[in-house]
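Asker: Provided below for reference: sequence and predicted model.
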Amino acid sequence: MPESGALESPLRIRVNAAPMAASRGNVMKIDRRCFLSLAMGAGAGIALSPLPWKLTDDVSIWSQNWPWTPVPKRGEAKTVHSVCTLCPGGCGISVRKIDDRAVKIEGMKSHPVNQGGICALGLSGLQLLYGPTRVKGPLKRVGDRGKGQWMPISWDQAIREVTEKLAGIRKAGRPQSVAWFSGASSNTLNQLLDRFSQAYGTPNGMRLPTLEDAYSLTLSLMNGGRARIGFDFEHAGYVLSLGAGLLDGWGSPVRMFKANSQWKTAGVKVVQVEPRLSRTAAKADTWISVNPGTEAALALAMAHVILKESLYKADFVESYTEGLMEGFRNIVLADFSPEAVAKVTGVDAATITMLAREFAKAKRPIAVCGRGQGTLPGSLDLFVATHALNALVGNLNQPGGVWMVREELPSWPDVQLDSAAKTGLGYPRLDGIQTPARISLPNRFIQAVAAGKDYPVEALLIVESNPLYTLNDTALVRQALSKIPFIVSFSSFMDDTAAWSDLILPNPIYLERSDDVVGVSGYPYPTIALSQPVVKPQCNTRPVGDVLLQIAKGLGDSVATALAWKDFNACLEASLGERFKSLKKSVVWVDKAYKPAAWDEVFATERFSFIPKGIAADAALKPVSVPGDAGGFPLTLMAYDTMRLSNGYIGNPPFLTKILEDTVLKQTDGLVEINPKTAKSLGFDEGDRAQIETPKGKALVKVHLDDGIVPGVVAMPRGLGHEAYDAYLAGKGINVNNLMASVNDPISGFEAAWGIRAKLSKA
Ligand code: SF4
C-alpha cells in the first residue's frame, strides 16, 4: 500500500456531540469562535430558501450605491418561470418582473428538484444580468493580448471574420487544427458543437469534465453500459461521504440542503471524511478527519473489514458480481488492513472497523465521493473504491441507493462527411482520447498544445467556459493559449479567458435565451428542463447556437448541410420534439415513475465487476500522489470549495463576495488556512502576512489559524483571484489554480490533482 505524506495524527470529530477534535493520545480543542462560526454558517446554510432576510436587507443597503442596481418603477407585475443554469443543480426559478424589468429571482415552488429553494448564487442572477461585467456587444482586440484594448465591431463583421478564418484553415486541409472548449452540460448546444466539429472535420472538441464524467466512466467500467449516476438520497438510511462537499455545492446544491434537512428529521446518520472541517463536515453527525488524498485507502480498509467479517450482501455479491475473489478481495485483504491503513490515513484502526461495521449493517447505506463540488473529475481510484463499497452492501439500483440513470440525450441523423472533414477527423485528438469520444481531457489537450505535440492549433472557440481561470496550472494554460493565434470567446462576461482572446461574440445570459438542461447532477430521475428568456437581451448579444449556425452556413459544403436549422430554437425543437412546446409552459419534465433496471436485467449478460473491466487491480486502486518534493515543500496545499464563491465559468456576483467571511478574503488579501500547531512551528500568528510557494508559483497571502484542518495541510478557496471581470471581483485574493499543478489520472487521464506540496515563509 502506498505511503502518504508524513502528516500528523488522526483526528476524529463528532461535531454535533462536542466541538472538539480527539486525536491519537491527545485532545485538541476547536476554538469556540471557530466552531460557532462554522456551525452558524452551516446552520444558516447559504442555500436556504428563503435566504435569511437580514442578509438580504444588509446586502440591499450595501448595494444602494451601485448605479446598475435595479430600481423598479411602477408597472405591471408578473412572474416568468425558467431554469437556472449557473451550476449543474438544475433548479427551477420564478422571476418576478415589473413591466420588462426583472426585479427578483426566487425558487420555483413546483419544481421537483429545488421545490421553491434557491441558493445565494441563483438569487444573485440579476446582478449578472444588469451588472457591469457584461460584454455589451462584439469586440475585436486591438492591443496586445490581455491588455484590455478592444474595438466594438458589428455582428456582421464578427461572424464574417470567424467564418473566413475557419474557411481558410479548412480549405488549406487542416480542419483538425481548430478546437473548442465548452462547459460541462450535456444538452442540445453541446450536441450542436459536436456536430459542427464532425462536419467541419476536427476531432478536438473539449468539454470540461466534472465528477459526473468520472462517475459515468466508473459505471461503464464496473456496471457496464452507459448511464448517468443518480443517488436516491431522499430514501437513504446512512450517508458516507468520502470528501464530497454535499453541503458545499456538490451535485444539485439546493436539493442537497433539502436532503440534509430530511436526514436530520429522519435520524439518518451522515459521516463526512475529509481533512478539513468544511460546512459539510460541520453539519455531519461525524467528521472523520483524514490525511489528504487517503480517502480511497479508508474506503478499501472498510471493504477489508466487510469482507473479512462477511458483512457483505451475499445474494448480490455471489449472483451478480465478478472480480471479487480474483482481484479485489486479495488486494484488499493483503494490503488494506485497518492497522496498515491507519498509518496512511491517520484514522485509527478501531474507528475504521467501527465505520465499516456501521456502514454494512445500516439500512440503505450510500457511499459517495467527488472532492468538494466535483468541478474537477478527480482520480479514478477514489470512484472505484467508493463504488465498490456500494456494491458490497448491494445498494445499487435499489431504493435509497446508487442508481444508473437512463440518459435522455437527443439523437440526430448522421453527418455526411465530405473529404475535408474525413481528412481532419483522421488525425488523433490532441488529448489522446480515441474518437468518437464521450469524454474529453482538456488538461492533456493543454499539455499537448503547450508542448507543441502532434500538430498546432490554429483557432480555438470558447463557449461557456473559462479555462484560463478554472484549470490547474494557469501558467501552462496561458502558455498553451499563447501558441494559438486565433481565439474566439462567446462569453457573456469579460472573464479571464475572454480577456485573453482575439474576438468576443457575446452570448446572452441564461435569463435572456433558450437552452435545454438534460439531467441534473446526482439526481436519480431522468429530467429535461427548458431555460427560456425572461427578459429581452440587455446587450447587443446573439445566442451562440444562432451564431454557430450562421458560421456553418457561411462555410458551406457538408458543414452547412449538417447544420441546416434556421436558428437555434429550431434546433432545440428538433432535439426535444413534442416536448419543446410543453416545456415552454411546464419548464421541466421529470420521469418520476423511473425505476432503475433490476439486477437480473442490468447484470444479466455483464456482471458487476469490482475491478474496472480491462484494468489491472493494482493499477485501478493506485492513488495519485501530490506533485512536489516533501523536503523543499514540507506542507500540502489543498484547494477547497465554498457556496459563497462561484468558481467555474460564472464569476462571483457582488452579493456573494459581500457575504464572504473575512477569514477567506480581507479587503483584497486572500487567506490561507493553517492549523495553529503548524503555524506555531513556523512562527506564524493570526493575520500575519506570508508567502505561499509551490513548485508552480508563489503568492502573498494572510494567515488564518484554524483548528479545523489537519496539521501539515494548508487550504485556500477556489473562486478568488480573477484577473478580469469587473471592479467587484478582479484583483481580490489569489486564484489557487495558479499554484496547482495538473496531474493526469493514470487510468482515465482525467485531471486528478487534489493538492500540491507547498511551503510558507515570512513575507
Ligand atoms: S443551486 Fe445552482 S441551479 Fe440552483 S439556484 Fe443555485 S446556482 Fe442555480
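Answerer: Structure's in. What do you need?
Asker: List, one by one, the residues from the stretch 51-200 of the chain near the ligand.
Answerer: 84, 86-87, 89-91, 114, 118-119, 121-122 (C-beta under 6 Å from any ligand atom). In short, each C-beta sits where N, CA and C put it, glycine included.
Asker: Please identify which helix or strand holds Asn390.
Answerer: Remark: Asn390 resides in helix 380-392, with elements defined by DSSP states H and E.
Asker: Show me how far that helix is from its chain's centre.
Answerer: A distance of 20 Å separates the centroid of the chain from that of helix 380-392, by C-alpha atoms, centre = their mean, to the nearest Å.
Asker: again with stretch 514-532
Answerer: Using C-alpha atoms, centre = their mean, the distance from the centre of stretch 514-532 to the centre of the chain it belongs to is 16 Å.
Asker: Now the terminal residues of that stretch, how far apart.
Answerer: Using C-alpha to C-alpha, to the nearest Å, one end of stretch 514-532 lies 4 Å from the other.
Asker: again with stretch 306-322
Answerer: Taking C-alpha to C-alpha as the criterion, the two ends of stretch 306-322 lie 17 Å apart.
Asker: Now the element after the helix holding Asn390, going C-ward?
Answerer: Helices and strands here follow DSSP H and E; after helix 380-392, the next one along the chain is strand 402-405.
Asker: name the helices or strands packed onto that following strand?
Answerer: Secondary-structure packing of strand 402-405 (3 or more C-beta pairs under 8 Å, 6 or more residues apart in numbering; DSSP states H and E): strand 228-231.
Asker: can you give me the mean pLDDT across the strand it packs on?
Answerer: Confidence over strand 228-231 (mean pLDDT, whole number) is 96.
Asker: What of stretch 247-262?
Answerer: Averaged over stretch 247-262, pLDDT sits at 96.
Asker: Show me the shaky parts of the stretch 251-400 of the chain.
Answerer: Regions of the stretch 251-400 of the chain meeting the criterion pLDDT under 70 cover residues 325.
Asker: For the ligand, what is the nearest residue in it?
Answerer: Relative to the ligand, the nearest point of the stretch 251-400 of the chain is Pro253 (4.0 Å; C-beta to the nearest ligand atom).
Asker: what's the answer for the chain, then?
Answerer: Relative to the ligand, the nearest point of the chain is Gly122 (2.4 Å; C-beta to the nearest ligand atom).
Asker: could you list every residue that touches the residue nearest to that residue when sequence neighbours are not counted?
Answerer: Once flanking residues are discounted, Gly122 sits nearest to Cys84: 4.7 Å by C-beta to C-beta, 6 or more residues apart in numbering. Cys84 makes contact with 90-93, 105, 118, 122, 125, 510, 531, according to C-beta atoms under 8 Å, 6 or more residues apart in numbering.
Asker: hang on, Ala690 is in a helix, isn't it?
Answerer: No - under DSSP: H, G, I helix; E, B strand; the rest coil, Ala690 sits outside any helix and is assigned strand.
Asker: Could you pull up the residues touching it?
Answerer: Counting by C-beta under 8 Å, 6+ apart, Ala690 makes contact with 672, 684, 700-703, 760-763.
Asker: mind redoing it with 6 Å?
Answerer: Applying C-beta atoms under 6 Å, 6 or more residues apart in numbering, one finds that Ala690 lies in contact with 701, 703, 760, 763.
Asker: just Gln373 next, same as before
Answerer: By C-beta under 6 Å, 6+ apart, the residues touching Gln373 are 245, 249-250, 641.
Asker: so which two of the residues you listed are the farthest from each other?
Answerer: Maximum pairwise distance among those (C-beta to C-beta): 8.2 Å, between Trp250 and Asp641.
Asker: quick one on the thing from earlier: keep only those of the contacts of Ala690 that are in strands.
Answerer: Residues of these located in strands (DSSP state E): 701, 703, 760.
Asker: before we move on, back to that, inside strands: which ones of the contacts of Cys84?
Answerer: Per DSSP E, the subset of the contacts of Cys84 in strands is 92-93, 105, 531.
Asker: which residues touch the closest residue to Ser491 other than its chain neighbours?
Answerer: The shortest distance from Ser491 to any non-neighbouring residue, by C-beta to C-beta, 6+ apart, is to Ala498 (4.1 Å). The neighbours of Ala498, taking C-beta under 6 Å, 6+ apart as the test, are 489, 491, 504.
Asker: one more time with 10 Å
Answerer: Taking C-beta atoms under 10 Å, 6 or more residues apart in numbering as the criterion, Ala498 is in contact with 135, 139, 462, 466, 468, 487-492, 504, 506, 724-725.
Asker: Where strands are concerned, which of the residues you listed count?
Answerer: 139, 462, 487-489, 504.
Asker: With neighbour count and pLDDT as new columns, can these be given to me in CSV?
Answerer: Compiled in CSV, the ones in strands among the contacts of Ala498 are given as follows (neighbours: other C-beta atoms under 10 Å; pLDDT from 0 to 100):
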residue, neighbour count, pLDDT
Leu139, 22, 98
Ile462, 27, 98
Ile487, 23, 98
Val488, 24, 98
Ser489, 28, 98
Ile504, 27, 98
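Asker: now for these, which pair is the farthest apart?
Answerer: Taking C-beta to C-beta as the measure, those reach their widest spread between Leu139 and Ile462, a distance of 13.8 Å.
Asker: Identify the contacts common to those two.
Answerer: Among the neighbours of Leu139, those also in contact with Ile462 (C-beta under 10 Å, 6+ apart) are 489, 498, 501, 504.
Asker: Is Ala758 located within a strand, as I assumed?
Answerer: Yes - under the criterion used here (three-state DSSP), Ala758 sits inside a strand.
Asker: if we can go back for a sec, measure the residue nearest to Ser491 to Leu166 for me?
Answerer: Distance check for Ala498 against Leu166: by C-beta to C-beta, to the nearest Å, it reads 19 Å.
Asker: Can you tell me the closest non-neighbouring residue to Leu461?
Answerer: By the measure of C-beta to C-beta, 6+ apart, the closest residue to Leu461 outside its immediate chain neighbours is Trp180, 4.1 Å from it.
Asker: so who does the one you found touch?
Answerer: Neighbouring residues of Trp180 by C-beta under 10 Å, 6+ apart: 193-194, 196-197, 200, 202, 204-207, 459-463, 465, 488, 490, 548.
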